[in-house]
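Enquirer: Predicted model and sequence below, questions to follow.
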Amino acid sequence: MADLDDAGDTADRDDTDDRGDAPHTGNADLLGHVLLPVANEDDALSTARALEPYDPARVTALHVVEKGEGVPDKTPVEQSEELAEEAYAAVRTVFPDAGDHTAYGRDVAGEIFSAAEAVDASAIVYRSRGGNRIMQMLSGDLSIKLVTDADVPVVALPRTES
């Protein structure tokens, strides 16, 4: 027979989820070191502002320069690197201590995943750039790739316009 005095005790409970998987760790570590992919200065500023209320411990901004083997680059590498620096400066207006990481490749999602591993990010945090479904389909819908293929948690920030 169960001891009714123990009905509310938590000492005998373990910290695993309902499926018996990994222990609950809360969200304290989720925003310990976020990787923040940014496309340009405006995107970087709006994304950083959307992240700000969540007070991450550490931020690394990421810009992917789309460059590939044997195909023309969308923009000259030097111009893309300037865009990256402008984006990093915008992030630092919100997070002055933010680090930066520039990646080069055609597979943007793959480069984001590689960067998350390289900087030891606890999560990838992004803000969807929107667009209609046709544009998302043609671009391979980066959001879907991020949330289905990542090895670290992915946090989608709300798209509130200021």
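Expert: Structure's in. What do you need? Numbering: from 1, shown residues only.
Enquirer: use CA for all of it now, contacts and neighbours both
Expert: Will do.
Enquirer: Correct me if wrong: Ser122 contacts Leu36.
Expert: No: contact criterion CA atoms under 8 Å: Ser122 and Leu36 do not qualify, at 11.2 Å.
Enquirer: When the two are compared, which one has more neighbours?
Expert: Taking neighbours as other CA atoms under 10 Å, Ser122 and Leu36 compare with Leu36 leading, 28 against 20.
Enquirer: Show the pLDDT at the nearest residue to Asp107 once chain neighbours are set aside.
Expert: Distances taken as CA to CA, 6 or more residues apart in numbering place Glu66 nearest to Asp107, at 7.7 Å, with adjacent residues excluded. Looking at Glu66, its pLDDT stands at 82.
Enquirer: Backbone dihedrals for Val125, please?
Expert: Dihedral angles of Val125 (phi, psi; degrees, to the nearest 10) stand at phi -120, psi 130.
Enquirer: residues touching it, list them.
Expert: Val34, Leu35, Leu36, Pro37, Leu51, Val154, Val155, Ala156, Leu157 (CA atoms under 8 Å, 6 or more residues apart in numbering).
Enquirer: try it again with 6 Å
Expert: Val125 is in contact with Leu36, Val154, Val155, counting by CA atoms under 6 Å, 6 or more residues apart in numbering.
Enquirer: could the residues you listed go into TSV alongside pLDDT and secondary structure?
Expert: TSV is the format used below for the contacts of Val125 (pLDDT from 0 to 100; DSSP: H, G, I helix; E, B strand; the rest coil):
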residue	pLDDT	secondary structure
Leu36	97	strand
Val154	94	strand
Val155	93	strand
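Enquirer: Among those residues, which one lies nearest to Asp141?
Expert: Using CA to CA, Val154 comes nearest to Asp141 of the contacts of Val125, at 14.9 Å.
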